[in-house]
Each structure stands twice: as C-alpha cells, then as structure tokens.
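J.: I need the structure of the sequence given here:
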Amino acid sequence: MDDKGYAFTPLALLLMIPVVILAISYSGIVNEVNLLSAIVIGGDVTATVASDVVNAIQQDTADAGRRSAFMAVQSVINSTNVLADNQPFFSTTGNTSRAYIADTTADTINVNITNTCRDLEKQTGRIIYINGSYVNPNNNDSAPIYDGSDLSISQDDPFGFTITIPSIAITVVQNSSSAGQNVTFNTPAQNAYVSIEGLEDPYIWVNAKERISSVFYKYPYYDTYMGKLEYHFADNASASRLDSLYDCLVGANTEMGYRPYYFPDSHGLTFFDRLEGRTNSTSAGPDSAKMSTFILYDPLQEDHGNNPISMLDHEYFASVIGYTITTKHGSTTTTVMGPDGKNFLISTNYSKYLNLSASYSY
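T.: I've put the predicted structure just below:
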C-alpha cells in the first residue's frame with residue numbers, strides 16, 4: 001500500500017523494479033559521460049596548446065629572421081663613415097653576417113616562444129615544459145631554447161633565405177584534479193623562409209659613399225626557360241628606351257626617388273655577400289642566390305671623371321667601362337637613357353649576358 005492508501009499487487013511491484021534500476025543506472029551513465037567529456041575536452045585543449053607551440057615556433061622564426069636581417073643591414077649602414085675610412089661590413093670569417101643573423105634570431109625566438117607559452121599557461125591553466133625546463137608564467141625570464149649555433153641558414157634564391165631550426169621537447173600538463181593528462185612530444189625540425197624584399201642594400205650604401213640607397217625589390221619580368229634565365233629587357237622598344245629595361249631602372253618609384261629592381265644574376269652578389277662587402281670574384285655563393293641591379297645618378301662621377309662606366313652595380317663600383325644602346329625609328333637614332341636623364345651604359349660582357357644588343361630598330 002502507498003501513502004495514499006493504494007495497494008500494489010505483486011505484478012505492479014514487478015513492473016516498477018526495472019524502472020527504478022534504469023533510473024539508478026541512468027544517473028551513473030550521466031556521471032560517467034560528464035567525466036568522459038571532461039577528459040576529452042581537457043585532452044583536446046592540451047593537444048591544441050601543443051599545436052599552438054609548434055605553430056608559434058614556425059611564425060616566430062620567420063619574424064625573428066626578418067628582424068635579424070634588418071638589424072644586420074642597419075648595422076652595416078650605421079657603421080659607415082667615409083671620412084673615417086672604416087670597414088663597416090661583417091667579417092668574412094668568424095662573426096659573419098650569417099652568424100650574426102643566427103644569434104639574434106635565436107635570442108628573439110627564445111623570448112617570443114617563452115612569452116607564447118606563458119600566455120597559453122595563463123589562458124588554459126596548462127603547465128608547459130620546454131626541453132625539461134618549466135616555463136614560469138609569473139616571471140619574465142626567457143627559456144634557453146636555442147643558441148645561434150643550433151640554427152642553420154641556407155639560401156637558394158636571391159630574395160630570401162631559409163632558417164632551419166632543430167627539434168625541441170615540449171611537455172604540456174593538464175593541471176586538473178579531475179583528469180590529469182599530459183602531452184609530451186618533440187617538435188619537428190622546421191624550415192622558415194625569410195624574405196629580404198623591402199630591405200636596404202648595405203653594399204650600395206657603403207660603396208656609393210652614403211649618397212644613394214637601394215632597396216631589394218624583385219624585377220617582375222624575368223623567367224626561366226629550359227634552365228636559362230630570360231630577362232626580357234628588350235621585348236618592347238619605343239622612342240629612346242627599351243620599355244622593360246626602363247621599368248627595371250625605375251623600379252619602385254618611392255618618395256625617396258627611383259629604386260631600380262634586382263634580378264637574378266649568377267655573376268652577381270648574394271644578400272650575405274653584400275653584408276660582408278665581397279666582390280663578384282670573392283662571392284661565397286651559391287650562384288642561384290646571386291643578384292644584380294643598376295646604379296642611377298652616377299654618384300661617383302668625380303671619381304670616374306668623364307669615363308663612361310657601366311651602370312650594373314658591381315661593375316660600376318669596379319669602374320668597368322660601359323657602352324650605350326641605341327634605338328632607331330625610321331631615320332632617327334636615339335640613345336637609350338634611364339629615368340635619371342643619363343645614358344644607359346653596360347659592359348660588352350654583360351650586354352651579351354643580359355641578351356641586350358647594341359642597337360634596336362622598330
């Protein structure tokens with residue numbers, strides 16, 4: 001009989017028993033599901049933190065490499081003093097430009113990755129260890145993750161270089177009493193490409209005696225056909241110019257004036273050659289990373305006198321004699337000129353190399 005005075009028959013009791021059992025079991029299932037969800041969600045967050053650290057290493061390396069390249073350029077430019085006849089370039093042995101960039105990149109990566117881990121710890125409640133060292137979220141010390149010697153720098157194209165960073169051990173611990181999980185793994189060795197486009201060329205700043213500067217911008221019209229560079233400088237001719245060549249000379253027309261484009265040149269200079277003040281005969285290579293540009297305004301005219309000097313950068317500073325190019329329209333012959341109003345001059349050897357002729361008719 002219940003509290004209302006109703007009597008339960010034996011059959012009614014038998015029908016109610018499974019309902020009671022199911023209710024008890026359902027309560028247990030809900031608790032188990034809640035616990036399982038906590039484990040899964042916790043593990044997912046922990047794995048996401050680990051993934052974020054890997055992504056941060058990749059991005060931080062690219063950013064730090066770019067910053068280091070900029071600092072290397074400025075180091076040369078700021079050390080230049082023509083009156084003191086100093087040597088502003090990096091050494092070709094010992095403290096080379098590559099060593100400088102590797103060291104400063106490693107320092108920056110260490111700070112950035114430590115700060116990233118510190119922020120992730122505060123946001124997620126996880127505890128992070130790098131190479132076995134605990135990242136303390138409550139102080140500003142950076143973890144000693146990389147030395148400059150751990151990083152390697154390679155360059156295969158003129159307009160950037162690659163920094164390779166080795167694997168490091170990361171442990172992410174879920175600091176929770178309900179589900180204490182952790183992820184321990186080694187990051188993959190990673191390659192980060194660093195563009196140098198938009199940076200100043202210290203080689204031209206120093207050799208032009210601080211009178212002009214040049215910026216690394218890529219000439220857009222070249223291509224490679226069957227392994228050979230095609231420059232297309234003379235594809236179009238009009239009036240007193242070769243249009244593509246003229247565009248290369250104008251380059252990036254900034255508030256500071258014309259900034260001629262750079263183009264791949266196996267006889268030219270790499271970015272690191274330019275930081276170390278090398279010549280095309282002492283270049284450390286590789287050939288695939290070498291480039292050249294043109295010099296406008298004849299900044300060393302008093303040194304060259306009235307001699308016609310090639311406008312190609314390393315030829316100009318070596319006082320190599322250059323020759324004019326002409327265009328002929330009907331009976332009118334005109335000398336090709338640059339945007340600075342001066343005759344375009346190039347050596348015979350480079351004229352052939354760049355597929356330029358002495359004259360064009362149209």
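J.: can we go C-alpha only for contacts and neighbour counts from here?
T.: Fine.
J.: Just the residues contacting stretch 233-242, thanks.
T.: Stretch 233-242 has contacts (C-alpha atoms under 8 Å, 6 or more residues apart in numbering) with 243-245, 326-327, 329, 334-338, 354-356, 360, 362.
J.: List the ones among the residues you listed that fall in helices.
T.: Using DSSP state H, the subset of those located in helices is 243-245.
J.: May I ask which of those residues has the most neighbours?
T.: Leu245 (26 neighbours; other C-alpha atoms under 10 Å).
J.: who are the neighbours in contact with that residue?
T.: Contact analysis of Leu245 by C-alpha under 8 Å, 6+ apart lists 233-234.
J.: Then Leu300?
T.: Ala208.
J.: next one: Asn136
T.: Neighbour list for Asn136: Arg118 [criterion: C-alpha under 8 Å, 6+ apart].
J.: How much space separates the spatially most central residue of the chain from Asn112?
T.: In the chain, the residue lying closest to the centroid (C-alpha atoms, centre = their mean) is Val194, at 1.5 Å. Separation of Val194 from Asn112 (C-alpha to C-alpha, to the nearest Å) stands at 17 Å.
J.: which residues of the stretch 151-300 of the chain fall in strands?
T.: Per DSSP state E, counting those that start in this stretch, the stretch 151-300 of the chain carries strands over the ranges 152-157, 160-165, 169-174, 182-186, 190-195, 223-225, 228-230, 237-238, 241-242, 263-269, 291-292.
J.: of these, which approaches Thr92 most closely?
T.: Thr92 lies closest to strand 263-269 among the strands of the stretch 151-300 of the chain, at 13.9 Å (C-alpha to C-alpha).
J.: what comes into contact with that closest one?
T.: Here strand 263-269 makes contact (C-alpha under 8 Å, 6+ apart) with 158, 218-219, 222, 278-280, 283, 285, 287-293, 314.
J.: what's the angle from it to strand 152-157?
T.: Interaxial angle, strand 263-269 versus strand 152-157 (axes from the mean of the first three to the mean of the last three C-alpha atoms, to 10 degrees): 120 degrees.
J.: sorry, back to before: could you identify the most distant pair in the contacts of stretch 233-242?
T.: Between any two of the contacts of stretch 233-242, the greatest separation by C-alpha to C-alpha is 22.8 Å, found for His329 and Leu354.
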